[in-house]
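Student: take this sequence and fold it.
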Amino acid sequence: MAMISLLIASSVQAAVPGDWARYEFVLAKQDAKPSVKDVTITIGPREGNLRWWEMAVTKPDGSSFVVRALSKYAPMSVGQVGPVGQVGRYLFKDGDRPFLEYRDKSGGPLLPEFDFRTQLLPCPATNTAFDGIFATSGTYLGNGVQLVETGHGKPMEDMGQPKVLVLDPNLIVGTGRNFRDIDEGRITDRNYNYRPFTAKEYDEMESAGTNFFIVDTLERELLVRERPAFYTKYPVFEDYPNILYRPNYMGTTMFTDEPAIINSFGDCRHVTDASNLLRMRVAASLVGDNHYSRRMLPLLLQKAGVYLGTWDMLQQDMPAWEAVYSAGWHELEGGASSVIHEGRYDLNTFNTIMKGTFGPEFKVTTEEMLDLHYAFLRGAARCFGGDWGTSIYGQADPEISPLAITMAYDQGARYIWFWTSDHGHHMPYKEQLELTRVLREHAKAHPRKPMNARIAVAFPEGYIGWSEFWPNGLWNNERFGFQKTNEQGVTFAKVIGECLKQGIELARKGIRFDFVVEGDPARKAGYERIIRVRTDGSVSER
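Tutor: Numbering: from 1, shown residues only. Reported below is the predicted structural model:
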């Protein structure tokens with residue numbers, strides 16, 4: 001064991017390929033169960049202004065994994081200012097499996113989702129001493145590490161030809177279940193019959209362009225985790241921390257389910273009570289101990305026996321999957337990362353509702369109907385720094401679905417999903433595959449460019465909670481029935497209808513627009529014009 005000199009770090013010292021240091025894992029709680037035994041960091045050669053390094057981790061059960069990366073600094077080394085800085089390449093090797101290199105389709109490396117720089121890599125402790133180039137004390141996975149030996153002249157082993165996984169985090173296509181129907185055609189008189197996906201079907205889905213899967217067992221994880229696709233999984237003790245080093249692992253939960261449609265707003269006395277209630281319930285759910293919480297992953301890890309120490313782990317990517325697309329504004333305001341509409345697109349149904357609620361002049365075309373839907377989603381995503389998407393359900397008109405997904409792609413959707421299960425809601429497996437192929441062919445022929453809308457149409461606070469799914473009135477509350485009047489003596493239908501009318505007129509002129517809510521988020525979002533509809537039904541512009 002090398003002598004630890006406890007020298008103060010100096011800019012004169014420099015890392016040399018083959019320098020290495022071994023650290024033992026130190027629990028922040030005396031009687032906790034360790035997830036890691038030790039960590040060895042090895043310095044590699046420079047490549048331009050970046051340096052290769054490797055982190056080999058041994059676990060108490062004798063298993064191991066390796067991270068290899070090209071970055072500005074090596075972990076726990078002299079000269080490191082904060083985390084490792086710019087990362088040029090990222091590779092991961094689990095046990096005796098070959099190295100996997102993860103790349104973002106848009107260029108550069110794809111890094112793990114969960115606090116890669118601050119928790120998944122050891123970081124020097126405040127005011128730590130140094131032994132040569134290596135810090136003697138540090139933090140790792142919410143616990144500690146301490147230096148036990150160092151050495152020189154140990155070059156990193158040849159990693160061979162890694163398998164490269166190119167993933168696209170900007171277009172995520174998948175279904176909300178891990179099984180498929182086994183019926184021929186559509187079923188209307190009973191529920192579908194289902195069975196789990198087979199290995200052959202994972203190949204088929206990947207070939208079509210699916211790049212997201214839900215995983216429920218280790219066996220199923222082994223079928224998907226080395227594909228160019230993202231996945232979710234409930235972790236067990238043996239998964240930790242390995243699974244977190246996979247950049248295609250997205251956590252435990254695909255989405256938070258229908259925050260607006262499953263809530264009751266019947267006790268709300270003012271429309272602003274309803275909007276406030278929705279954002280509060282979303283915010284509370286995301287930090288709670290339920291299935292849709294951002295804290296579900298750490299809660300499950302702790303239940304499995306993992307001790308996270310000081311690590312406040314969160315699943316940041318938590319979209320709201322929602323039927324009431326207009327409510328996405330307050331769902332993102334409450335903390336959801338994105339909003340994905342439950343697309344049951346049917347023009348005749350939509351026009352019948354529009355005519356009955358607002359008048360015959362509100363009849364629209366298919367493209368205008370989709371523009372109206374997507375304007376709500378885009379506006380919420382832009383103003384709160386999130387994302388949006390659409391999902392195709394069994395109730396959607398099959399003639400409209402191809403246009404719905406390609407228009408969503410063209411307008412910047414990050415998510416294109418499908419719903420599997422639940423009678424008429426179910427989207428048959430073969431139709432999912434065909435629509436995925438349509439989307440991928442369209443995307444290949446039409447590379448996306450940034451297309452932010454220049455104009456926004458602003459609803460008054462509380463009035464954006466309109467949907468054809470809520471027949472009783474705004475927020476499905478009879479107090480706010482469409483023909484009832486607000487404090488200004490104007491019907492709720494008049495105010496909402498004026499907002500929709502402004503959007504329809506812009507859509508008919510071929511002008512991209514977003515629906516927003518009047519207030520600071522919209523004012524700070526960079527729109528050139530905001531058309532404001534007030535509670536008295538009047539319209540003004542900025």
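Student: what about Lys163, neighbour count?
Tutor: Lys163 has 12 neighbours, counted by other CB atoms under 10 Å. Every residue, glycine included, has its C-beta placed from N, CA and C.
Student: list the contacts for the residue nearest the centre of the chain?
Tutor: With the centre of the chain defined as its mean C-alpha position, the nearest residue by CA atoms, centre = their mean is Asp317, 3.2 Å away. If you count contacts by CB atoms under 8 Å, 6 or more residues apart in numbering, Asp317 has them with Glu113, Met250, Gly251, Ser337, Ser338.
Student: kindly report the same for Phe418.
Tutor: Contacts for Phe418 were tallied using CB under 8 Å, 6+ apart; they are Gly174, Thr175, Gly176, Ser391, Ile392, Tyr393, Met427, Gln432, Leu435.
Student: ok, of those residues, which one's closest to Arg542?
Tutor: Taking CB to CB as the measure, Arg542 sits nearest to Ser391 out of the contacts of Phe418, at 34.2 Å.
Student: any low-confidence regions in this protein?
Tutor: 1-13, 79-82 (pLDDT under 70).
Student: doesn't the residue nearest to the centre of the chain lie inside a strand?
Tutor: No - checked against DSSP: H, G, I helix; E, B strand; the rest coil, Asp317 lies outside a strand; its state is coil.
Student: so which elements touch the strand or helix carrying Thr42?
Tutor: With elements delineated by DSSP states H and E, Thr42 resides in strand 38-47, which encompasses its position. Other elements packing on strand 38-47 under the criterion 3 or more CB pairs under 8 Å, 6 or more residues apart in numbering; DSSP states H and E are strand 20-26, strand 50-58.
Student: make JSON lines from those and add distance to Val324 and mean neighbour count to it.
Tutor: Formatted as JSON lines, the entries for the helices and strands packed on strand 38-47 read as follows, by distance: least, CB to CB, whole Å; neighbours: other CB atoms under 10 Å:
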{"stretch": "strand 20-26", "distance to Val324": "47", "mean neighbour count": "21"}
{"stretch": "strand 50-58", "distance to Val324": "45", "mean neighbour count": "21"}
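Student: quick one: which of those is nearest Glu201?
Tutor: Using CB to CB and comparing the helices and strands packed on strand 38-47, the one that lies nearest Glu201 is strand 50-58, at 34.0 Å.
Student: who does the closest one pair up with?
Tutor: Strands that pair with strand 50-58, judged by DSSP bridges, come out as strand 38-47 (antiparallel), strand 64-71 (antiparallel).
Student: so which bits of the first one are buried?
Tutor: Of the residues in strand 38-47, Asp38, Val39, Thr40, Ile41, Thr42, Ile43, Gly44 count as buried by neighbour count, 16 or more other CB atoms under 10 Å.
Student: can you give me the helices in this structure?
Tutor: 199-208, 218-224, 271-286, 296-303, 328-333, 347-358, 366-383, 401-410, 429-445, 492-508, 520-523 (DSSP state H).
Student: distance to Trp417 and mean neighbour count for those helices - can I get that in JSON lines?
Tutor: Rendered in JSON lines, the data for these read as follows (distance: least, CB to CB, whole Å; neighbours: other CB under 10 Å):
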{"stretch": "helix 199-208", "distance to Trp417": "13", "mean neighbour count": "15"}
{"stretch": "helix 218-224", "distance to Trp417": "16", "mean neighbour count": "16"}
{"stretch": "helix 271-286", "distance to Trp417": "19", "mean neighbour count": "20"}
{"stretch": "helix 296-303", "distance to Trp417": "19", "mean neighbour count": "19"}
{"stretch": "helix 328-333", "distance to Trp417": "14", "mean neighbour count": "28"}
{"stretch": "helix 347-358", "distance to Trp417": "20", "mean neighbour count": "16"}
{"stretch": "helix 366-383", "distance to Trp417": "13", "mean neighbour count": "24"}
{"stretch": "helix 401-410", "distance to Trp417": "10", "mean neighbour count": "20"}
{"stretch": "helix 429-445", "distance to Trp417": "10", "mean neighbour count": "17"}
{"stretch": "helix 492-508", "distance to Trp417": "24", "mean neighbour count": "21"}
{"stretch": "helix 520-523", "distance to Trp417": "26", "mean neighbour count": "16"}
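Student: can I get the ones you listed in CSV with distance to Phe459?
Tutor: Formatted as CSV, the helices of the chain follow (distance: least, CB to CB, whole Å):
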stretch, distance to Phe459
helix 199-208, 38
helix 218-224, 41
helix 271-286, 10
helix 296-303, 32
helix 328-333, 8
helix 347-358, 14
helix 366-383, 9
helix 401-410, 22
helix 429-445, 31
helix 492-508, 5
helix 520-523, 10
